[in-house]
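[1] here is the input, now give the coordinates:
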Amino acid sequence: MSKQIKLTSFQLSIFIIQTQIGVGVLGLPFNVFSVSEGDAWISVLVAGALVQCVITLLWILGRRFPSKSLFEYSRVLLGKFASTFITFGYLIYGVLVVIIILMYATAIIKSWSLLHTPTWAVMLMLIIPGFYLGKEKVMEISNVYVVVTILIVLLVVVSTIVLFIYPVDWRYLLPIGASGGLTILKGAKEAYFSMLGFELLLILYPYFQNNGSPAIYKAATAANLSVTLVYTFLTIVSTVTFSPEEIKIVPQPVLYYVKSLYLQVVERVDLLFASFWVVNVITSLTSYLFLCTECCSHLFKKFKKLKRGYCTVFWGGFAYCIALIPGKLSEMDMVNKWVLALSYIFVLIIPITLLAVSLIFKKKESESA
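    The predicted model follows:
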């Protein structure tokens, strides 16, 4: 792997945060509350704790091969054929996540603002910035992510303002734990999908400034903690703002409570807010296009003259065409369930298998390498 300028701890954290916080941030309180009700915020915390356990496993695996990405050390552990199969699998996984992002983001944009704009046009506006940024190297992408991180801070600030100007009822959070442990875990499963993005640590590891050091674990932990706290806070705000009956029929509670804000200079604060949210959607989409591009680069090493941009446009265009097919929400939910099931394979099963093989056969990268 040709090395680029290495990421700092802050840049790595921001990269993971921008990947995790995307299209799911608006609907997460609704999805989790539908299962856990008043204990939805606990489910989000549990999901964050489970994600942290997975991050620990990914860090232990990456630490054994600090200068290699998943696609490179899988070849050392399992052989050429299995490694190629795994790399292609992650390529398909990245394409599927891009499809999910495009479908749900387009549906939300059309329902809130661009009602009469064709679906293909809305998706095109989302995918074009992804083409432009996804073909770049990790440092260029990270620099853009750092700049737009202020929009996530704005999301938290606006939600905090809502708590002070909107009539909230903190009793909606009581009694704590009434849903039961099993229900809370089911709610955590709903929150898990919105937290995806941390698995990119598998390919970001060799781009880090201090390969093999605990700093990369601290950076990934800081990212996961930040995302978990943001999602928990938004869930709490949504829970105390709407009654239990209301929140069950409000698919994007974050946008609805932002809509209640009144500013003399802005008539529809929610539309302005949605415009900022679109940037986070694009960054999340870009990260998975970057994953597709990295997979493509490893699969087709023979074509060294093949520009990264061609891979990005091809697989992004493929995802765009597939995302246009589902027209109903039920069809989107079905695709979402498929991708959720597949994510366990690529986020859990494959990394755990590689770690087990590495430990059992005592294979790791030598210090001299």
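[2] which strands and helices sit next to the helix or strand hosting S43?
    Mapping S43 onto the secondary structure by DSSP states H and E places it in helix 40-64. Other elements packing on helix 40-64 under the criterion 3 or more Cβ pairs under 8 Å, 6 or more residues apart in numbering; DSSP states H and E are helix 28-36, helix 181-194, helix 201-204, helix 214-241, helix 350-360. In short, each C-beta sits where N, CA and C put it, glycine included.
[3] which one of those helices lies closest to I141?
    Taking Cβ to Cβ as the criterion, helix 201-204 is the member of the helices and strands packed on helix 40-64 that comes nearest to I141, at 10.4 Å.
[4] can you give me the distance of I14 to I141?
    Remark: distance between I14 and I141 (Cβ to Cβ, to the nearest Å) = 10 Å.
[5] of the two, who's got more company?
    The residue with more neighbours, out of I14 and I141, is I14; 26 against 21, by other Cβ atoms under 10 Å.
[6] show me the contacts for the more buried one.
    Taking Cβ atoms under 8 Å, 6 or more residues apart in numbering as the definition of contact, the neighbours of I14 are 142, 145-146, 149, 223.
[7] what of L45?
    Applying Cβ under 8 Å, 6+ apart, one finds that L45 lies in contact with 228, 232.
[8] dump stretch 62-82 to PDB, restricted to CA.
    As requested, C-alpha coordinates have been extracted for stretch 62-82 and formatted as PDB (Å, rounded to 0.1, in the frame of the first residue of the first chain):
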ATOM      1  CA  GLY A  62      -5.600  -4.000  13.400                       C
ATOM      2  CA  ARG A  63      -2.800  -3.800  16.000                       C
ATOM      3  CA  ARG A  64      -1.500  -7.100  14.900                       C
ATOM      4  CA  PHE A  65      -1.000  -5.800  11.400                       C
ATOM      5  CA  PRO A  66      -0.500  -2.000  12.000                       C
ATOM      6  CA  SER A  67       0.700  -1.100   8.500                       C
ATOM      7  CA  LYS A  68      -1.800  -3.200   6.600                       C
ATOM      8  CA  SER A  69      -5.500  -2.800   5.900                       C
ATOM      9  CA  LEU A  70      -8.100  -5.600   6.200                       C
ATOM     10  CA  PHE A  71      -7.700  -6.400   2.500                       C
ATOM     11  CA  GLU A  72      -4.000  -7.000   2.900                       C
ATOM     12  CA  TYR A  73      -3.700  -9.000   6.100                       C
ATOM     13  CA  SER A  74      -6.700 -11.100   5.200                       C
ATOM     14  CA  ARG A  75      -4.500 -12.400   2.400                       C
ATOM     15  CA  VAL A  76      -1.800 -13.300   4.900                       C
ATOM     16  CA  LEU A  77      -4.300 -15.100   7.100                       C
ATOM     17  CA  LEU A  78      -6.600 -16.800   4.700                       C
ATOM     18  CA  GLY A  79      -4.900 -16.900   1.300                       C
ATOM     19  CA  LYS A  80      -5.400 -15.100  -2.000                       C
ATOM     20  CA  PHE A  81      -8.800 -16.600  -2.900                       C
ATOM     21  CA  ALA A  82     -10.500 -16.000   0.400                       C
END
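[9] contact partners of that stretch?
    1, 83, 86-87, 90, 201-203, 205-206, 211-212, 216, 294-295, 298, 351, 354-355, 357-358, 361, 363-365, 369.
[10] poorly predicted segments of the stretch 151-300 of the chain, please.
    Low-confidence segments of the stretch 151-300 of the chain (pLDDT under 70): 209-212, 263-265.
[11] between the helix holding S43 and helix 350-360, how many degrees?
    Here helix 40-64 runs at 40 degrees with respect to helix 350-360, directions being taken by axes from the mean of the first three to the mean of the last three Cα atoms, to 10 degrees.
[12] buried stuff in helix 40-64?
    For helix 40-64, burial by neighbour count (16 or more other Cβ atoms under 10 Å) applies to 40-48, 50-51, 54-55, 58-59, 61-64.
[13] for the lengthiest helix in the chain, buried residues please.
    For the chain, the helix that runs over the most residues, judged by DSSP state H, is helix 80-112. Taking 16+ other Cβ under 10 Å as the neighbour-count basis, helix 80-112 is seen to contain the buried residues 83-84, 86-87, 90-91, 93-110, 112.
[14] what does stretch 271-280 give?
    Within stretch 271-280, the residues that qualify as buried by neighbour count (16+ other Cβ under 10 Å) are 273-274, 277-280.
[15] from those residues, which ones fall inside strands?
    When DSSP state E is applied, the buried residues of stretch 271-280 are split such that none fall in strands.
[16] for Q18, state which of the residues you listed is nearest.
    After measuring the buried residues of stretch 271-280 against Q18 - Cβ to Cβ - the closest member comes out as N280, at 7.0 Å.
[17] quick check: the closest one touching L151?
    Yes - using Cβ atoms under 8 Å, N280 and L151 qualify as a contacting pair, with a distance of 6.3 Å.
[18] the longest helix of the chain vs helix 181-194, what angle?
    Going by the same axes, to 10 degrees, helix 80-112 makes 90 degrees with helix 181-194.
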